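> Sharing a model that was predicted from the sequence below.
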Amino acid sequence: KGRIVDASFIEAPSSTKNNSGKRDPEMASGKKGNTWHFGMKMHVATDTIVGIATDVVYGPANEHDISRARELISSDTEEVYGDAGYLGLNKRDEFNSAATRESPKRHYYINVRPGKIKDRPADDVLRRFEHLKSSVRCKVEHVFARVKLQMGYRKVRYRGIKKNAHRISTLLALANLYTWDCWKRRTVG
């Protein structure tokens, strides 16, 4: 009944050295920190127990993480975990209106920005609570590591988001099988 949501960039070539002399029109530039990324974004929701990707949505890199949260979080979800990019998620209209019939007992565990806890001592209550939220939220980062590092899909292979989405969805299915096998071996044996 819990979901972890996050998004990751998939880079695209910014070069215009092709037949048309243009970049891919479906891709866009997005900024994370002080670094600009040109390409697409993969928005993923995983379960909180095993870390299997349950939902995925693709879009251009300039979309904010919170803009695709409605498509990732089902109405019966009771716990939502996210990084600082999802701050204010519980205040958005699509999660608060009476027409959506969201779970009334839903809890949002969104990490605060790192600057809020930077100067606090190591034994501070807020710092420990943030560590607990991060220890649950790390499962979604494992999905990105499997797709981008183990399977080598750091850059898009095709022009257009839809073609790349098919390829990434296949890799996510393989990552889910690997995650399930690892989890089953750890809990059984």
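Alright, I've got the coordinates.
> next one: the lowest-mean-pLDDT helix or strand in the chain to chain centre, how far?
Least confident helix or strand of the chain, by mean pLDDT, DSSP states H and E, is helix 93-96 with a mean of 76. Relative to its parent chain, helix 93-96 has a centroid offset of 20 Å by C-alpha atoms, centre = their mean, to the nearest Å.
> So which bits of it are buried?
In terms of neighbour count (16 or more other C-beta atoms under 10 Å), helix 93-96 has its buried residues at residue 95. No exception for glycine: its C-beta is placed from N, CA and C like everyone else's.
> now what about the helix or strand following it, what contacts it?
Remark: after helix 93-96, the chain's next helix or strand is strand 107-110, criterion DSSP states H and E. Residues outside strand 107-110 that contact it (C-beta atoms under 8 Å, 6 or more residues apart in numbering) are 78-84, 86-87, 89-90, 133, 136-137.
> Check which residues of strand 107-110 are buried.
In strand 107-110, counting by 16+ other C-beta under 10 Å, buried: 108-110.
> Report the strands that pair with it, each with its relative direction.
strand 79-82 (parallel) (DSSP bridges).
> Who are the packing partners of the longest strand that the chain contains?
Using DSSP state E to define each element, the chain has its longest strand at strand 35-47. In terms of contacts (3 or more C-beta pairs under 8 Å, 6 or more residues apart in numbering; DSSP states H and E), strand 35-47 is packed against strand 2-11, strand 28-32, strand 53-60, helix 69-72, helix 125-145, helix 161-188.
> Buried deepest among those, which one?
Using mean count of other C-beta atoms under 10 Å, the stretch among the helices and strands packed on strand 35-47 with the largest mean neighbour count is strand 2-11, at a mean of 22.
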